[in-house]
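[1] below: sequence and its predicted model.
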Amino acid sequence: MVLWNAGLTGLIAFIGYVMKEKSDELQRVSILLNKTREEVARDHITRAEVREDMRQLIDRLEKLDHKIDKLIANAK
């Protein structure tokens, strides 16, 4: 009977140890995932920012187009 109790105690202790290790690993992975999400959100731009940048680019191209038109008109 003592041997049986010792065996069960050892088995339960081993299962508890494995569960704690897995729990710690899961917590570590969860923290890394949250950090990755923060970095991805920080490094990417929003649609509004893209639209604003495109608007500025188009405005500059239109100004350049007007200048070229003036140069062509003056050259004639």
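    Perfect, I can see it now.
[2] make it CA atoms for all contacts and neighbour counts henceforth
    Noted.
[3] the residue most central in space within the chain is in what secondary structure piece?
    Central residue of the chain (CA atoms, centre = their mean): residue 40, 2.4 Å from the mean position. Element membership for residue 40 (DSSP states H and E) is helix 2-43.
[4] what's the first helix or strand after that helix?
    As assigned by DSSP H and E, the chain's next helix or strand after helix 2-43 is helix 47-75.
[5] which elements pack onto that following helix?
    Using 3 or more CA pairs under 8 Å, 6 or more residues apart in numbering; DSSP states H and E, no helix or strand is in contact with helix 47-75.
[6] number the residues from 33 up from this point.
    With the count now opening at 33, the last piece we talked about shows up as helix 79-107.
[7] phi first, then psi, for residue 76.
    Backbone torsions for residue 76, taken as degrees, to the nearest 10, come to phi -100, psi 150.
[8] what about residue 73, how many neighbours?
    11 (other CA atoms under 10 Å).
[9] no, scratch that, I was asking about residue 74
    As a burial measure, residue 74 scores 9 neighbours (other CA under 10 Å).
[10] what about it, distance to residue 105?
    Separation of residue 74 from residue 105 (CA to CA, to the nearest Å): 48 Å.
[11] look up how far residue 66 lies from the residue nearest to the centre of the chain.
    10 Å.
[12] count the neighbours of residue 67 for me.
    Using other CA under 10 Å, residue 67 has 12 neighbouring residues.
[13] what's the pLDDT at it?
    If you check residue 67, the pLDDT there is 92.
[14] and the one 4 residues further on, by the same measure?
    We note a pLDDT of 85 for residue 71 in this prediction.
[15] quick one: neighbours of it, just the number.
    11.
[16] where does pLDDT dip in this protein?
    The chain contains no residues with pLDDT under 70.
[17] how about residues contacting stretch 67-81?
    By CA atoms under 8 Å, 6 or more residues apart in numbering, no residue outside stretch 67-81 reaches it.
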